[in-house]
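# Model the following, please.
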Amino acid sequence: MLVDKMMIQGAKRIFIKPLANNDNSKQQIYLGSDFEVARVIPSGNVSSAGMSKKGAIFKAPLDFYWISLDGATDLAPNAQIILYPKYPETRLSGFLSGCSRKKAIAPSHLMKPPTAEERSARLNTKRYLVLGVDEKTVWAHCSAWDGTLHDQLKAIVESDETQLVASVFYQYSATREPSEEKLLRKLKEIYQQGPIESCRLNSEGELMTYKAQNGAGYTLEAQFGITPNGSSAPDFMDWELKSHSSGAVTLMTPEPNVGTYLDDLEVFLRTYGTRIEQERMDFASRHNVGEKNKTTALTMHFEGYDPDKREILEPSGGLMLRDEDGVLVAGWKFEKLILHWKKKHANTCFVSYTAIRETPPKYQYGPKVVLGKGTDLKLFLNALYLSTVYYDPGINMKLVKGKWKPKKRNQFRISWRNIDNLYVELKNVDLEALE
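Here you go, the predicted structure:
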C-alpha cells in the first residue's frame, strides 16, 4: 500500500489533497487561503522574494521526493512553497523541475495544464495528491483521474477516516483517533500522577533531576519524552505544549537576524545593558512598538507594515530595535518572524500547573487545559504591531573563571488575558471531567 511505502521512508503523518483542474505545473498547486498549510508541510528557512502584483512574496524550500507505488523515490530539488501574505494564499511550485526523466517517477503527465476539452471533461473528477511527512521531508504521490488508487483515495476522503487539516488536506490515520484525543488522554494520566518532581531529559533521553525553580516546562516535556533540544517542531504530534501558571506566556525565542547585536554581544550589553556589574551584565526590559524604552533608550519599530490593511508593504522590513540615532541594534525581518510563526503556533496546548516550592520543586499539572486552534499570519503580525505580543528579553553575560559566558534569550511574550487575540478558537478543557 502507498501509505506503507511512505512510512518505510520515515513519514509520520499522511495527508490527502483533492486536486482541481488549476492545480498543475503552470498554475502551481493551491494550498489554501491562509498559511496553516505552511505549518503542516515541513520546509526550510523562509526568505523574501520581493514584491509582485500579489504583494509581498516569501518562499521556503522543501526536501521533497516523489514516491512510486513500489517505493522508489525521486528528488524534486526545486520544490518550494510560496507565501502571499496579502491575500493570504499559499502555493506549491517547482515540484517537477529537476526530477529525473530516467526514473519517470514524477507525475509529469498528470500535472500538465489541461486543454479546454480536458478541463470540461474533468470537472466532476479529481486527482488526489498524497503527502507523507516527517519533521523535515515530504514524500508525494499523485493518482490519476480514475483507477484503483483513485477510487481508494476518494473513498477515504469521503469517509469518516480522515479529519480536515489546514482547510485543504485530509489527514489519514490508521487508528482513526484524532491527535487532540491522544493528547488529552496523556495529559489526564499526568494529572492523575499528582505532584511530579522537577526533572528534564538529557540529550541521551535520560531523566535527570532539575533543581532550579523554572522547571515546569522541562518537567512537562519529560513526561512526553521530549528532550529540550531547541527544536521548533511541534512537541506532540501536531501540538505545541506550554505549561502555564499565570501572567505572561513566552511564545517564541528567535535570535535577531540583523543589527549590531550580531557583531559583539559584550559590546551590545555594555552599551545598552539594563544592569552592568563587575561580574554580570543584563539586557532585560520590555520594549513596545513606537515607545522609547526609558532604561535602554531604544525604540522598537514595525517597519514595512500597513496596520490599517494588516499587510506587509516591504518584505525586507520587520520588527526593528533602533537607538536614538536610528542605528539598527537588533532586528527580526519578516522572513524570520514568518518562519517562527509557522513553526510555533499551529495547535497549542496550554497546561495549567501549580508549583510546590521545595528543593527540587514539584509540579501539579491540570486539571485546567486550554487548546488554542487556528491562527493566521495577519493576527500574529497585528499582535506584534500593537505590542500585544511584545519583546521581553532575558539576555546576560556572566564572568566565569575570567571569561564572559553568554546567555541569549530573546523572548516574545503575551499576557495570558490576551491569548485569545492569537487564535480563532480557544477550547477550555477540564481533565477531571474527561472519561
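
# What segments of the stretch 301-435 of the chain are strands?
For the stretch 301-435 of the chain, the strands defined by DSSP state E, counting those that start in this stretch cover 305-306, 311-312, 318-322, 328-333, 347-356, 362-373, 389-391, 395-400, 403-407, 412-415, 425-430.

# now the helices: where do they sit in the stretch 201-350 of the chain?
216-223, 265-272, 334-344 (DSSP state H, counting those that start in this stretch).

# Which elements pack onto the first one?
Of the remaining helices and strands, those touching helix 216-223 by 3 or more Cβ pairs under 8 Å, 6 or more residues apart in numbering; DSSP states H and E are helix 179-192, strand 196-197, strand 199-201, strand 239-244, strand 347-356, strand 362-373. All C-beta atoms are positioned from the backbone trio N, CA, C, and that covers glycine.

# go on, the second one?
Packed against helix 265-272 by the contact rule (3+ Cβ pairs under 8 Å, 6+ apart) you find strand 280-283, strand 328-333, strand 395-400.

# Can you add mean pLDDT and give these back as JSON lines?
What follows is these, written out as JSON lines (pLDDT from 0 to 100):
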{"stretch": "strand 280-283", "mean pLDDT": "96"}
{"stretch": "strand 328-333", "mean pLDDT": "98"}
{"stretch": "strand 395-400", "mean pLDDT": "96"}
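
# which stretch among these comes nearest Glu118?
Glu118 lies closest, by Cβ to Cβ, to one member of the helices and strands packed on helix 265-272: strand 328-333, at 42.7 Å.

# and the closest one with helix 334-344, angle?
Counting by axes from the mean of the first three to the mean of the last three Cα atoms, to 10 degrees, strand 328-333 points 50 degrees away from the direction of helix 334-344.

# residue ranges with poor pLDDT in the stretch 151-300 of the chain?
By pLDDT under 70, the weakly predicted segments of the stretch 151-300 of the chain are 174-177, 229-234.

# cutoff 80 now
160-161, 173-178, 228-238, 246 (pLDDT under 80).

# Any idea how many residues pack against Ile276?
14 (other Cβ atoms under 10 Å).

# Please tell me I have it right and it contacts Glu266.
No - counting by Cβ atoms under 8 Å, Ile276 does not reach Glu266; the two are 10.8 Å apart.

# picking that back up, nearest to Gly132, of the helices and strands packed on helix 265-272?
Nearest to Gly132, of those and by Cβ to Cβ, is strand 328-333 at 31.8 Å.

# one step back: comparing the helices of the stretch 201-350 of the chain, which stretch has the densest surroundings?
Of the helices of the stretch 201-350 of the chain, the one with the most neighbours on average (mean count of other Cβ atoms under 10 Å) is helix 334-344, at a mean of 23.

# How many residues are close by the closest residue to Leu434 other than its chain neighbours?
Nearest non-adjacent residue to Leu434, counting by Cβ to Cβ, 6 or more residues apart in numbering: Lys188, 5.3 Å away. Lys188 has 20 neighbours, counted by other Cβ under 10 Å.

# again with Arg280
15.

# sorry, back to before: now tabulate the helices and strands packed on helix 216-223 in a markdown table and tack on distance to Gly10.
Below are those laid out as a markdown table (distance: least, Cβ to Cβ, whole Å):
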| stretch | distance to Gly10 |
| --- | --- |
| helix 179-192 | 19 |
| strand 196-197 | 32 |
| strand 199-201 | 22 |
| strand 239-244 | 20 |
| strand 347-356 | 22 |
| strand 362-373 | 27 |
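
# Can you say which of the ones you listed is nearest to Gly402?
That would be strand 199-201 among these, by Cβ to Cβ, at 29.2 Å.

# what's that closest one packed up against?
strand 207-209, helix 216-223.

# strand partners of that strand, parallel vs antiparallel please.
strand 207-209 (antiparallel) (DSSP bridges).

# coming back round to it: which one of the helices and strands packed on helix 216-223 lies closest to Leu434?
helix 179-192 (5.3 Å).

# residues contacting Tyr128?
Ile16, Lys17, Pro18, Leu19, Cys142, Ser143, Leu149, His150, Leu153, Lys154, Val157 (Cβ atoms under 8 Å, 6 or more residues apart in numbering).

# Now the first one: which helix or strand?
What it means is Ile16. strand 13-19 (DSSP states H and E).

# Over to Gln163?
strand 162-165.

# ok, residues contacting that strand?
Outside strand 162-165, the residues touching it (Cβ under 8 Å, 6+ apart) are Phe15, Ile16, Glu36, Val40, Ile156, Tyr170, Gln171, Tyr172, Ser173, Pro178, Asp238.

# What strands flank it, and is each parallel or antiparallel?
By DSSP bridges, strand 162-165 pairs with strand 169-172 (antiparallel).

# and the partner strand, how far from the chain's centre?
Taking Cα atoms, centre = their mean, to the nearest Å, one finds the center of strand 169-172 at 18 Å from the center of the full chain.
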